[in-house]
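> generate coordinates for the sequence data below:
(chains A and B)
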Amino acid sequence: MVVELFLDLRSQPCRALFIFAKKNNIPFEFKHVELLKGQHLSEEFGKVNVLKKVPALKDGAFTLAESTAILLYLSRKFNTPDHWYPSDLQKRARVDEYLSWQHTTIREKGCKIFITKVLVPLVVGQPFSPEKLEEAVEELNSALKQFEEKFLQDKPFIVGNEISLADLVAIVELMQPVGCGCDIFENRPKLVEWRSRVEEAVGKELFQQAHEIMLNVKNMSTTQLPPELREHLKQLLKP
Amino acid sequence: MVVELFLDLRSQPCRALFIFAKKNNIPFEFKHVELLKGQHLSEEFGKVNVLKKVPALKDGAFTLAESTAILLYLSRKYNTPDHWYPSDTQKRARVDEYLSWHHTNIRSNAGKALWIKVLIPLFTGQTLPPEKLQEVMDELAISLKQFEEKFLQDKPFIVGSEISLADLMAIVELMQPIGVGCDIFEDRPKLSEWRNRVEEAVGKELFQEAHELILNIKELSNIQIDPQLKEHLAPVLRKMMK
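This next block holds a predicted model:
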């Protein structure tokens, strides 16, 4: 029985999983959970992940939430190449360090831009607030500064010479604002070079495939949200 | 050369590290970084952790931030008992799952009561309306519900029959509101029983030692606030007070 991955490629952590599984030829069944149709709120999906979020994994009777956990699980089960999660203690610690730090920094602030610019307008039916967007962009700028100064520095990748889970988790998050028209790579040559290296390490075709939906997010503005989802999001997005 | 752990026991993740290292007899040098004196903002500490946060580790030339990373590093380097981070792939995944979810749920909410009730008044001289505290406690209540329903369920510990890093990271966060009189264990019998089991697994004496400062946090009201720290915190305080 093949592993099932419950994904929506509009979601950053879903993209990390998709890329990781494909790159490593991990056989899996892509179970599409369309967030914009509220499919993650269904009772059926709730049996896979009671937290009602993507990504989620189902491996026989075993279900698992949280992309970090799923990435690590797959890397162990399928014995992926060492560089993704190096066995060297200190290199491994660097990956753990980034995966921990990013939740409330890169991920949170990148999400905030998407929420402010795309999601909230969709839910309330009004244009986005430029002040709120500016605030979100400034917060991400702070996080990016720390990313470059502490995590990337002058190395090709976060851990050193090779791509790891840290770079993968970072890049998918940083593509989210790009898809919303906020090119955070502009005027950041070091980050641009890192991004090129990551795309190459992953494979440009796979990278494009994973990001296709997100880079066409303008198509979202005409989306009709199902009423249950709209209500759910109104609660979730309360300032 | 012994590992150096840069800690302030008022910080939840610092307590997790302190307890873990002591419980496992990991030799370390306790480097006190007094947050309320702004010592984490010093240039010297910045060489240990450029993010200027505790906890941090220094092992020879190797420095490391982020409590999760440090806990895992120590567990591997010192070969701690399996139950902390089980070698069984699925059990290990459960620990990873909790440690990931923890950041933006339990950790992001549990610390706020202390800010609202003690730290913001301390730094700004202003008290916040009771609705602010209620709002924060309501959000924490949602996280606690998910904690009980998804992570704990009817098991003795998060992963199963033994304590792991997941329980340790959770408990130190949930002790934070206790120090300011927000007893989140009251009216939550399942959580309360889990807490007792965790305390016992850790050792009551060690648990008490780790939590002494936070449980006596009200003594803070007489403390001198470092001006540089006050300035540094200004944007954070403004945001929390909105």
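
> pretty sure A:Gln102 is touching A:Ile171, no?
No. Taking contacts as CB atoms under 8 Å, A:Gln102 lies outside contact range of A:Ile171: 11.2 Å. C-beta: built from backbone N, CA, C; applies to glycine.

> mind listing what B:Ala113 touches?
Neighbour list for B:Ala113: B:Leu133, B:Val136, B:Met137, B:Leu140, B:Gln176, B:Pro177, B:Val180, B:Cys182 [criterion: CB atoms under 8 Å, 6 or more residues apart in numbering or on different chains].

> let's have these in a markdown table, adding secondary structure, neighbour count and distance to chain A.
Output for those, formatted as a markdown table (DSSP: H, G, I helix; E, B strand; the rest coil; neighbours: other CB atoms under 10 Å in any protein chain shown; distance: CB to the nearest CB, whole Å):
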| residue | secondary structure | neighbour count | distance to chain A |
| --- | --- | --- | --- |
| B:Leu133 | helix | 18 | 17 |
| B:Val136 | helix | 22 | 14 |
| B:Met137 | helix | 17 | 16 |
| B:Leu140 | helix | 24 | 16 |
| B:Gln176 | coil | 26 | 16 |
| B:Pro177 | helix | 25 | 19 |
| B:Val180 | helix | 19 | 22 |
| B:Cys182 | coil | 19 | 22 |
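
> and those, which two are the farthest apart?
Greatest spacing in the contacts of B:Ala113, by CB to CB: B:Leu133 and B:Gln176 (13.6 Å).

> before we move on, back to that, between the contacts of B:Ala113, which sits nearest A:Tyr98?
For the contacts of B:Ala113, the nearest to A:Tyr98 is B:Gln176 (25.2 Å; CB to CB).

> give me the number of residues near A:Ala5?
To be clear, residue A:5 is Leu; Ala isn't right here. Residue crowding around A:Leu5 was assessed by other CB atoms under 10 Å in any protein chain shown; the count is 25.

> what residues sit buried inside the helix or strand containing A:Glu205?
Assigned by DSSP states H and E, A:Glu205 falls within helix A:204-215. Neighbour-count burial for helix A:204-215, with 16 or more other CB atoms under 10 Å in any protein chain shown as criterion, is recorded at A:Phe207, A:Ala210, A:His211, A:Ile213, A:Met214.

> do the same with stretch B:35-55
Those would be B:35-41, B:45, B:48-55, for stretch B:35-55 by 16+ other CB under 10 Å.

> ok, and what's touching it?
Against stretch B:35-55 from outside (CB under 8 Å, 6+ apart): A:101, A:146, A:149-150, B:5-8, B:10-11, B:13-14, B:17, B:32-33, B:56, B:58, B:63, B:65, B:67, B:70, B:220, B:223, B:225-226, B:228-229, B:232.

> give me the distance between the two termini of it.
11 Å (CA to CA, to the nearest Å).

> again, but for stretch A:181-199
Using CA to CA, the two ends of stretch A:181-199 sit 20 Å apart.

> and for stretch B:76-90?
First residue to last in stretch B:76-90 (CA to CA) measures 18 Å.

> averaged pLDDT, stretch A:209-225. What do you get?
Averaging pLDDT along stretch A:209-225 yields 85.

> my bad, should have said stretch B:123-130
90.

> list the contacts of that stretch.
Under the criterion CB under 8 Å, 6+ apart, residues B:Ile116, B:Ile120, B:Pro121, B:Ile225, B:Lys230, B:Leu233, B:Leu237, B:Met241 lie in contact with stretch B:123-130.

> and it, C-alpha only, in PDB?
The C-alpha trace of stretch B:123-130 is given here as PDB (Å, rounded to 0.1, in the frame of the first residue of the first chain):
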ATOM      1  CA  PHE B 123       7.600  48.100  31.300                       C
ATOM      2  CA  THR B 124       5.000  50.600  30.500                       C
ATOM      3  CA  GLY B 125       3.400  51.400  33.800                       C
ATOM      4  CA  GLN B 126       0.000  50.700  32.300                       C
ATOM      5  CA  THR B 127      -2.400  47.900  33.200                       C
ATOM      6  CA  LEU B 128      -4.500  46.400  30.500                       C
ATOM      7  CA  PRO B 129      -8.200  45.900  30.600                       C
ATOM      8  CA  PRO B 130      -9.500  42.500  31.800                       C
END
